[in-house]
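Asker: no sequence for this one, just the structure:
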């Protein structure tokens, strides 16, 4: 699972690939030719980007039919959301420890004020 | 007896930007939260994770100062971190750089601001700016590995002892 996530994040480190994914998410399935239209890029270059996305499990190509549209796989995004959720939990634990330290600080200050 | 209230932590990791923004409120004044960040002994007490001890090797929390600490687990050094304190404004703001010594090519800029709230409370805002989206995502990945494995038992224990 971690390997898959690493590949997904590495694939999305590239701005063109992020854009391709964003457009698939907004407009639905599309062929490599349709996806390549807005870019000053060869179809070969677009195919290379799509291959990286495919290997990361972010998109799939349908086997049947001549159009062979590119399809966005939502599952990986669920994993990535969970991943950030886990990071959030770690940050929360860290600040829960800070709460405890701050609690003890206030006690110290009160004690100092009394003496 | 002190009842420790844990406020919600909001994390924003915007798509396509090398930024993580964390906002969290504390039932303590900015001066105390500042002290818990600036004093190395206090910082080591909460920085965590719990199974890891922070061995502070260098620490001068002042404008133009520097810091370095090692994460030690079972007497063995597992990671080392270092950076500079770019600007330190007591009770208000700490701007510092952060590098994991195991990956010295990456550096992030950490901007911590403390805003006073009514009732002796404060709002902490921590913005981390990485040098690439990839580096930002790596940082989130590192958070996952320590956070999940750690579990909650030690935290509960610590909090109970603190109360």
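Answerer: Yep, that arrived. Source: prediction; values computed, not measured.

Asker: Tell me how far the host helix or strand of residue B:124 lies from the chain's centre.
Answerer: Assessed by DSSP states H and E, residue B:124 sits inside strand B:121-129. Centroid displacement of strand B:121-129 relative to its chain, using C-alpha atoms, centre = their mean, to the nearest Å, is 10 Å.

Asker: Next, give phi and psi for residue B:102.
Answerer: Torsion angles at residue B:102 (phi, psi; degrees, to the nearest 10) stand at phi -70, psi -10.

Asker: phi, psi of the closest residue to it other than its chain neighbours?
Answerer: Among residues not flanking residue B:102 along the chain, residue B:79 sits closest, at 6.2 Å (C-beta to C-beta, 6 or more residues apart in numbering or on different chains). C-beta: built from backbone N, CA, C; applies to glycine. Taking degrees, to the nearest 10, you get phi -160, psi 160 for the backbone angles of residue B:79.

Asker: Hmm, residue B:99 and residue B:79 touching each other?
Answerer: No: when contacts are counted by C-beta atoms under 8 Å, residue B:79 is not listed as touching residue B:99 (11.3 Å).

Asker: low pLDDT regions in chain A?
Answerer: Filtered on pLDDT under 70, chain A yields the residue ranges A:1-3, A:5, A:76-83, A:106-115.

Asker: All the strands of it, residue numbers only.
Answerer: A:59-61, A:70-72 (DSSP state E).

Asker: Chain B now?
Answerer: So, for chain B - with DSSP E - the strands run B:9-12, B:19-26, B:53-59, B:65-73, B:76-89, B:93-100, B:108-117, B:121-129.

Asker: just how off-centre is the third one within its chain?
Answerer: In this case it means strand B:53-59. With C-alpha atoms, centre = their mean, you get 14 Å for strand B:53-59.

Asker: what's the average pLDDT for that strand?
Answerer: In this model, strand B:53-59 has a mean pLDDT of 94.

Asker: same thing with stretch B:18-26?
Answerer: 91.

Asker: and that stretch with chain A, contact?
Answerer: Yes: with C-beta under 8 Å from any C-beta of the partner chain as the measure, stretch B:18-26 is seen reaching chain A through B:22, B:24, B:26.

Asker: Can you pull up the most central residue in chain B?
Answerer: residue B:47 (5.9 Å; C-alpha atoms, centre = their mean).

Asker: I'd say that one and residue A:94 touch.
Answerer: Yes: the criterion here is C-beta under 8 Å, and residue B:47 meets it with residue A:94 at 7.0 Å.

Asker: and chain A, which of its residues are near chain B?
Answerer: A:2, A:5-6, A:9-10, A:12-13, A:15, A:18, A:83-84, A:86-107, A:109.
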